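A.B. asks: Turn this into a structure:
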Amino acid sequence: MNNWSELIFLEDLSFKEKAKQVFEYQFENNAVYHRYCEVLNTNSEILKGVQDDISAIPLLPIKAFKDAVVTTHSEENADLIFKSSGTSDMRRSIHRVHDSELYDQSLLKGFRHFYNLDNAVIWGYPPGYADNPHSSLIYMIQKLIDQDNSGLSRFLPLGEPVNPGAIKEVQRQGKQLIIFGAAFGLLDLLEIDDINLPSNSIVIETGGMKTHRREISRSELHRRLAKGFGLDGSRIHSEYGMAELLSQAYAPGKWFSTVPWMQVTIRNPENLNEILPPYEEGLIGVIDLANVHSCSFLLTGDKGVMDKDGRFQVLGRWNPKNLRGCNFLIDED
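C.D. replies: Below is the predicted model:
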């Protein structure tokens, strides 16, 4: 297909039909994903099963982005390269993005699906990510900042207090302030100085920094952020994204919701083909159609649970086990 973005964001085509077309494309053109499917089953059985039910589509363990080149294109032709966060001596995931315009559509359409970007001032405070030149989070925040013509959107300088005059100017222009920040970075920001944000502001935490000295539950984090920023608890939101995904999910409370071109399921770690019923804990599986040029069908390393309305919670990292098929790269040519 020449214009994948047209298919992915098409409103009058079902998610199932889109997923089937993307799967067929990746099965034929992504050598790593094709080999993984072969390890799990015979090709004919997979292709037959997918026609009936997209839950039969194999989910590639997300660690493949650390172990191999996951792409449907030549690896030299990437528009963007995203790398997961981590220390310099840590092996990091690498996501080669071969259509930056499609990714821009996904992140902007996705954000507008949940928030009024046209009236927003975006502030970013992402310590721990700012020194990663290939950070997908930094790219996303910068793209959101670029949509604002007021001149008020920006990255906040690290380690410095927020300027009260800047907050007043946001109010004066009748804008809504939305702050993105890594969880512990936001707590550090509050330790520098007291901050009282306008009551309609939204703070979006993007998860913690894996190497940080502290550990805290999401509910306690949100309680502290609400108190520190002088906001009602309903104004503290969460974002679920990663370098290996080109779409994001957002949660105004405990439960994340996805955009129309993204679907999450909870899988039985003992049988990855089994989707668990609501409120049973398992591994988070994601179909992200915006990943059309890498791999859209991924098994994350996160544990989670889903409610009866299709929303999900992230309950932390799953205790790693040797999942069937995960050693498929050993015999790589």
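A.B. asks: C-alpha only now, for contacts and for neighbours.
C.D. replies: Will do.
A.B. asks: how close does the spatially closest residue to Pro61 that is not a sequence neighbour sit to Leu60?
C.D. replies: With CA to CA, 6 or more residues apart in numbering as the criterion, Pro61 has its nearest non-adjacent residue at 4.6 Å, and that residue is Leu299. For Leu299, the distance to Leu60 equals 6 Å [CA to CA, to the nearest Å].
A.B. asks: my guess is Ile81 is in a helix, correct?
C.D. replies: No: Ile81: not assigned to a helix; according to DSSP: H, G, I helix; E, B strand; the rest coil it is strand.
A.B. asks: What about it, how many residues nearby?
C.D. replies: Neighbourhood size, Ile81 [other CA atoms under 10 Å]: 17.
A.B. asks: need the contact list for the residue nearest to it when sequence neighbours are not counted.
C.D. replies: Counting by CA to CA, 6+ apart, Arg96 is the residue found nearest to Ile81 once chain neighbours are left out, at 4.7 Å. Counting by CA atoms under 8 Å, 6 or more residues apart in numbering, Arg96 makes contact with Val70, Thr71, Glu75, Ala78, Asp79, Leu80, Ile81, Phe82, Ser294.
A.B. asks: show me where pLDDT drops low in this protein?
C.D. replies: Applying pLDDT under 70 to the chain flags the ranges 1-2, 42-49, 51, 86-89, 208-214, 319-333.
A.B. asks: all strands for it, in order.
C.D. replies: Secondary structure of the chain (DSSP state E): strands located at 60-61, 80-83, 94-97, 120-125, 154-155, 176-181, 202-205, 236-240, 249-251, 262-268, 271-275, 282-288, 297-306, 312-317.
A.B. asks: Would you mind giving the ones you listed as CSV with distance to Asp53 added?
C.D. replies: Formatted as CSV, the strands of the chain follow (distance: least, CA to CA, whole Å):
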stretch, distance to Asp53
strand 60-61, 17
strand 80-83, 32
strand 94-97, 28
strand 120-125, 40
strand 154-155, 44
strand 176-181, 37
strand 202-205, 35
strand 236-240, 26
strand 249-251, 24
strand 262-268, 14
strand 271-275, 11
strand 282-288, 14
strand 297-306, 14
strand 312-317, 21
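A.B. asks: between those strands, which one is nearest to Glu215?
C.D. replies: For these, proximity to Glu215 was assessed by CA to CA; strand 312-317 is nearest, at 11.3 Å.
A.B. asks: Which pair of the contacts of Arg96 spans the longest distance?
C.D. replies: It's Val70 and Asp79 that sit farthest apart of the contacts of Arg96, by CA to CA, at 14.6 Å.
A.B. asks: of these two, who's got more company?
C.D. replies: Neighbours per residue (other CA under 10 Å) separate Val70 from Asp79, with Val70 holding more: 22 against 11.
A.B. asks: Could you tell me which residues make contact with the more buried one?
C.D. replies: Applying CA under 8 Å, 6+ apart, we find Val70 in contact with Asn30, Ala31, Val32, Tyr33, Ala64, His95, Arg96, Ser294, Cys295.
A.B. asks: Thought Asp302 was touching Val314, still the case?
C.D. replies: Yes: here Val314 reaches Asp302: they are 6.8 Å apart, a contact under CA atoms under 8 Å.
A.B. asks: in this protein, which spans are helices?
C.D. replies: Per DSSP state H, the chain carries helices over the ranges 4-8, 15-29, 31-40, 43-52, 64-67, 100-114, 136-145, 164-172, 183-192, 218-229.
A.B. asks: just the angle between the second one and helix 31-40, please?
C.D. replies: Using axes from the mean of the first three to the mean of the last three CA atoms, to 10 degrees, the interaxial angle of helix 15-29 with respect to helix 31-40 works out to 100 degrees.
A.B. asks: Give me the buried positions along helix 15-29.
C.D. replies: Across helix 15-29, burial judged by 16 or more other CA atoms under 10 Å covers Phe15, Lys18, Ala19, Lys20, Gln21, Val22, Phe23, Gln26, Phe27, Asn29.
A.B. asks: could you list every residue that touches the last one?
C.D. replies: Under the criterion of CA under 8 Å, 6+ apart, the contact list for Asn29 reads Thr72, His73.
A.B. asks: any idea how far Val264 is from it?
C.D. replies: Counting by CA to CA, the separation of Asn29 from Val264 is 24 Å.
A.B. asks: same check, this time on the fifth one
C.D. replies: As defined by CA to CA, Gln21 lies at a distance of 18 Å from Val264.
A.B. asks: Same check on the second one?
C.D. replies: Taking CA to CA as the measure, Lys18 falls 15 Å from Val264.
A.B. asks: same thing with the first one?
C.D. replies: Separation of Phe15 from Val264 (CA to CA) stands at 12 Å.
A.B. asks: Touching, Met140 and Leu107? I think so.
C.D. replies: Yes: if you go by CA under 8 Å, Met140 and Leu107 touch, sitting 6.9 Å apart.
A.B. asks: Ignoring the adjacent residues along the chain, who's closest to the residue nearest in space to the middle of the chain?
C.D. replies: Geometric centre of the chain, nearest residue: Gly241, 1.5 Å, by CA atoms, centre = their mean. In space, and not counting its chain neighbours, Gly241 is closest to Gln248: 4.9 Å by CA to CA, 6+ apart.
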